[in-house]
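J.: What shape does this take:
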Amino acid sequence: MTSLPATAFKLRERGVLREGSWADIVVFDPAAVQDNATFSEPHHYATGIRHVLVNGVSVVWDETHTGAKPGKPVRRADPL
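T.: Numbering: from 1, shown residues only. This is a model prediction of the structure:
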């Protein structure tokens, strides 16, 4: 969620909010985030994630999935 991992993995136009870069944004309250999945029931979403934008498109709004799937594969610019 920051430029440090994007830089470490040589991912161009990722990890920063600026014109021309991919806009992946997560809005959450760390005190409210809770994992609701268990080993016996693993298919439960976490709560407390207020909004998620992927490539500038709203994917989660008010903790509800919008149905949008704008994600694309992330590839390194150069081999490590």
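J.: Now do the strands in the protein.
T.: Ranges of strands in the chain, per DSSP state E, are 25-28, 49-54, 57-61, 64-65.
J.: So what are the sheet partners of the last one and their directions?
T.: Right, the one you point to is strand 64-65. Using DSSP bridges, the strands paired with strand 64-65 are strand 57-61 (antiparallel).
J.: what angle separates the partner strand from strand 49-54?
T.: On the basis of axes from the mean of the first three to the mean of the last three C-alpha atoms, to 10 degrees, strand 57-61 is oriented at 160 degrees to strand 49-54.
J.: Turn the strands of the chain into CSV, columns for mean neighbour count, distance to Gly15 and mean pLDDT.
T.: Quick note: C-beta positions are derived from backbone N, CA and C, even for glycine. Converted to CSV, the strands of the chain look like this (neighbours: other C-beta atoms under 10 Å; distance: least, C-beta to C-beta, whole Å; pLDDT from 0 to 100):
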stretch, mean neighbour count, distance to Gly15, mean pLDDT
strand 25-28, 13, 12, 92
strand 49-54, 17, 14, 93
strand 57-61, 16, 18, 94
strand 64-65, 10, 24, 92
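J.: Export the ones you listed to JSON lines and append columns for distance to Leu17.
T.: JSON lines is the format used below for those (distance: least, C-beta to C-beta, whole Å):
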{"stretch": "strand 25-28", "distance to Leu17": "7"}
{"stretch": "strand 49-54", "distance to Leu17": "11"}
{"stretch": "strand 57-61", "distance to Leu17": "15"}
{"stretch": "strand 64-65", "distance to Leu17": "23"}
